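>>> Fold the following.
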Amino acid sequence: MNDMWTGEKVRLRGVEPEDWKSFRDLAKHTVDARNADLVEPPRSEASFRAWTAERAGRPPGGDTFLLVVQTLADRTFAGSVTVGETDRRAGRFKTGIEIAPDHRRKGYAAGATELILTYMFAEQRYNKCEVEVYAFNDASLALYRGLGFAEEGRLRQHEFFGSAYHDVVLLGITAADHWATHELPSVR
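Below you'll find the predicted structure:
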């Protein structure tokens, strides 16, 4: 592997100021936003431009970050992946992914998540990755289970939105679980 940020179908890259339109388009899908988090009121284009410019200006590094998922085939914006809620002492972190509707079911989410796992386990010495998925989000549950994440628990009626309470499913994967099915990165 020559570039640890490039997989078979996607490349992870930093946010660029011109990505503001793609992030705006992701936010327009309120059902998708709800699957990932909470629905927020509409934002102005100026707000998206400012947010994206601020993200683009951040120096690399740190324990929490957001990267753009870009297709290799035509170098288009397919979505974003985040790393957050890191705990170096315990050796764990959380990740999340959002893929634009026209780029789903093409392996981009799986490829991007595998790149993140490899980086966090092989380069940052983390031991465990955790995700929280709403119980009704069958696509995300299938994605993470397919990558080897195991269900570790369920928070019943944990979140309220859409006029109802919803369960949150907790899933996790350890570095050992990941390396059992993936090749260690080459140092050359």
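>>> Kindly provide the distance from M4 to L117.
Distance of M4 to L117, given as C-beta to C-beta, to the nearest Å: 11 Å. For the C-beta atoms, the positions are set from N, CA and C on the backbone; glycine is no exception.
>>> The two: which is more packed in?
A count of neighbours by other C-beta atoms under 10 Å puts L117 above the other of M4 and L117, at 23 against 14.
>>> Name the single longest helix found in this structure.
In the chain, with assignment by DSSP state H, the single longest helix is helix 108-122.
>>> Kindly export that helix (C-alpha atoms) in PDB.
Output of helix 108-122 as PDB, limited to C-alpha atoms (Å, rounded to 0.1, in the frame of the first residue of the first chain):
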ATOM      1  CA  TYR A 108     -17.700   3.600  -0.400                       C
ATOM      2  CA  ALA A 109     -18.800   3.600   3.300                       C
ATOM      3  CA  ALA A 110     -17.100   0.300   4.000                       C
ATOM      4  CA  GLY A 111     -13.900   1.300   2.200                       C
ATOM      5  CA  ALA A 112     -13.700   4.600   4.100                       C
ATOM      6  CA  THR A 113     -14.400   3.000   7.400                       C
ATOM      7  CA  GLU A 114     -11.700   0.400   6.800                       C
ATOM      8  CA  LEU A 115      -9.200   3.100   6.000                       C
ATOM      9  CA  ILE A 116     -10.000   4.900   9.300                       C
ATOM     10  CA  LEU A 117      -9.700   1.700  11.300                       C
ATOM     11  CA  THR A 118      -6.300   0.900   9.800                       C
ATOM     12  CA  TYR A 119      -5.000   4.400  10.500                       C
ATOM     13  CA  MET A 120      -6.400   4.500  14.100                       C
ATOM     14  CA  PHE A 121      -5.200   1.000  15.000                       C
ATOM     15  CA  ALA A 122      -1.900   0.900  13.100                       C
END
